[in-house]
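Colleague: based on what follows, work out the 3D shape:
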Amino acid sequence: MTSISPVANVAVVGFGKIAQELHCPFVTASPHLRLHTILERHGDRCVQAYPNVCRATTMDVVCADAAVHLVIITTPNDSHASLARQALQAGKHVMVEKPLVNTYAEAQELVQLATERNLILTVFHNRRLDGDFLTVKRLIEAASDDSDERGVLGRIVYYESHFDRYRDQLKPNHAWREAAGPGSGVLADLGPHLLDQALYLFGTPDTVTADVRNQRQLKPNDPVDDTFTVHLDYQATGLRCTLTAGMLVRMANPLRFMVNGTRGTYLKYGGDPQEAQLQRGKYPFNCIEYGLELDQDKWGQIDTTLPDTQGGVHLVGRVEPVRGNYGAFFEALGRAVVDHDPVVPVVYAKYEALVSPREAAQCIRLIELCRQSSEEKRTVAW
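Modeller: The predicted model follows:
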């Protein structure tokens, strides 16, 4: 495929809340992307919001339009595989809202299709760009030398990550995420965030142990999971990762991260501010405080002994989170499409914010292993 200059035309498929609050605004703000088409099957909200953008009502129209270079899919999970496949077959680059697909077999099919056609395929694991996660990543990278346990925290032995909420009733209109069916439940909704972050930091584990269940029991025989706890174990380093999410955590400032190393511990309570900012219409292009954690009481806590200091200086205090920026993903995506390298794997190495197809598929594989472990009530190998 030849390079696109100076901007890539984007078709956003679906015009729900996440498309309205996140994808469309970031696309329109990118110097490398142009919002060209929105696929909205029912209603005309997209025309009201973006009067100069084309409205499509079918995927066939999007795929037949030679002016469209990139397709962003924001529809319910069970439609991701078929829509992404159709777009790739039409020669479009594709970005999919998480999770990529519902099954590992579907993920492998899409990865192969994108590779054969030399097209970009990525998934929006935006939580890699949370400020608190970026802070954890930097602390861990500073502690990555296993040979002499140097670094801020030393050799990492335990990593714990939470994504907890309180919602004791179903959403109004019984949203598809909480209805029985493929791609529903908390493991498919919040799981990709936590699982992808762990894979990004530490790679694939040796074993997986998971407990996935329904705690609220809002309906008789309700099969939709609303909580999970996952343990990932790495034999070579002795590292254990514990990942958990649930809908019955009512604390206003729940634990987000705990990282234990041979030298010290890092704790972070409360979530990244970007989601709340987006809901209030605040973006990097209209808010100078976007992505910053301004409340110092919510900054991370550290207790460690600094290396290479006489007597081993003991440090206890607060760590200001790195500024988060979901816009960095769209910046990388736009550049990757416009500067499309003839060898696609080079693209993912060049633009770190992008999730490679292999990484996206690994996350789906891990979700399947979690379900298998929980159903069989045993530890499973990767």
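Colleague: what about the closest residue to Pro6 other than its chain neighbours, how many residues close to it?
Modeller: Leaving aside its chain neighbours, Pro6 sits nearest to Val338 (7.0 Å; criterion: C-beta to C-beta, 6 or more residues apart in numbering). Where C-beta positions appear, they are placed from N, C-alpha and C, glycine not excepted. Close neighbours of Val338, defined as other C-beta atoms under 10 Å, add up to 19.
Colleague: wait, Val338 sits on Asn9?
Modeller: No - counting by C-beta atoms under 8 Å, Val338 sits too far from Asn9 to count as a contact (10.8 Å).
Colleague: give me the distance between stretch 77-93 and the centre of its chain.
Modeller: 19 Å (C-alpha atoms, centre = their mean, to the nearest Å).
Colleague: can you pull the buried residues of that stretch?
Modeller: In terms of neighbour count (16 or more other C-beta atoms under 10 Å), stretch 77-93 has its buried residues at 77, 79-81, 83-88, 90, 92-93.
Colleague: which ones among the residues you listed map onto helices?
Modeller: When DSSP state H defines the helices, the subset of these inside them is 80-81, 83-88.
Colleague: what sits against Leu199?
Modeller: Contact analysis of Leu199 by C-beta atoms under 8 Å, 6 or more residues apart in numbering lists 359, 362-363, 366.
Colleague: try 10 Å this time
Modeller: Leu199 sits next to 125, 205, 232, 241, 359, 362-363, 365-366 when contact means C-beta atoms under 10 Å, 6 or more residues apart in numbering.
Colleague: of those residues, which belong to helices?
Modeller: 359, 362-363, 365-366.
Colleague: so which of these is the closest to Tyr158?
Modeller: When the ones in helices among the contacts of Leu199 are compared for distance to Tyr158 (C-beta to C-beta), Leu366 wins out at 18.8 Å.
Colleague: not counting sequence-adjacent ones, nearest residue to the closest one?
Modeller: Leu195 (4.9 Å).
Colleague: quick one: average pLDDT of the strand or helix carrying the one you found?
Modeller: Assigned by DSSP states H and E, Leu195 belongs to helix 191-202. Averaging pLDDT along helix 191-202 yields 97.
Colleague: that one: how far from the chain's middle?
Modeller: Distance, centroid of helix 191-202 to centroid of chain: 8 Å (C-alpha atoms, centre = their mean).
Colleague: buried residues in that helix?
Modeller: Here helix 191-202 shows 191-202 as buried, counting by 16+ other C-beta under 10 Å.
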